[in-house]
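Novice: can't give you the sequence, but here's the structure:
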């Protein structure tokens, strides 16, 4: 079993920045890969970014490419999402996730086995 706990969400003005953190714990805390998703009310959970266990391979959704950066510190069992140039449409609950194997796509929800509880990000105009 793996547990994930996100933090760092909050209220920010458009153009501002936030850094989300996700601390993982459990038997396979580092996992095979990790990712960040978000979900706004009335929408499906949307892929944002993924990172390999080593941190050397990253993948981004077009909607956040160039504004968001995913990283990890395996010594701290923590995954980060640095979010810059935030827009009101970035408002959502943000979730981190971990996959324990290579099964599935890193850009789909089905490619992950464990999820955090989410942290709210609200961007005001």
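Specialist: Done, it's in. These figures come from a predicted structure and were not determined experimentally. Residues are numbered from 1 along each chain as shown.

Novice: isn't residue 111 up against residue 99?
Specialist: Yes. Using CB atoms under 8 Å, residue 111 is in contact with residue 99, at 5.7 Å. Yep, even glycine has a C-beta here, placed from its N, CA and C like the rest.

Novice: those two: who's more crowded?
Specialist: The neighbour count for residue 111 versus residue 99, taken as other CB atoms under 10 Å, is higher for residue 99 (23 against 19).

Novice: where does pLDDT dip in the chain?
Specialist: Low-confidence segments of the chain (pLDDT under 70): 28-30.

Novice: center of it - which residue?
Specialist: residue 36 (2.0 Å; CA atoms, centre = their mean).

Novice: which strands or helices does the one helix or strand residue 4 maps to pack on?
Specialist: Taking DSSP states H and E as the definition, one finds residue 4 inside strand 2-7. Applying 3 or more CB pairs under 8 Å, 6 or more residues apart in numbering; DSSP states H and E, one finds that strand 2-7 makes contact with strand 18-26, strand 92-99, strand 114-115.

Novice: joint contacts of residue 111 and residue 99?
Specialist: By the contact definition CB atoms under 8 Å, 6 or more residues apart in numbering, residue 111 and residue 99 are jointly contacted by 33, 35.

Novice: sorry, back to before: pull out the buried residues from the strand holding residue 4.
Specialist: 2, 4, 6 (16 or more other CB atoms under 10 Å).

Novice: contacting residues around residue 49?
Specialist: Residue 49 neighbours (CB under 8 Å, 6+ apart): 35, 36, 58, 59, 60, 61, 64, 68, 69, 70, 81.

Novice: likewise residue 22?
Specialist: Contacts for residue 22 (CB under 8 Å, 6+ apart) come out as 4, 5, 6, 7, 34, 36, 78, 79, 80, 81, 96, 116.

Novice: mind checking how far the nearest residue to it once chain neighbours are set aside is from residue 78?
Specialist: Leaving aside its sequence neighbours, residue 22 sits nearest to residue 96 (CB to CB, 6 or more residues apart in numbering; 3.4 Å). To residue 78, residue 96 is 10 Å away according to CB to CB, to the nearest Å.
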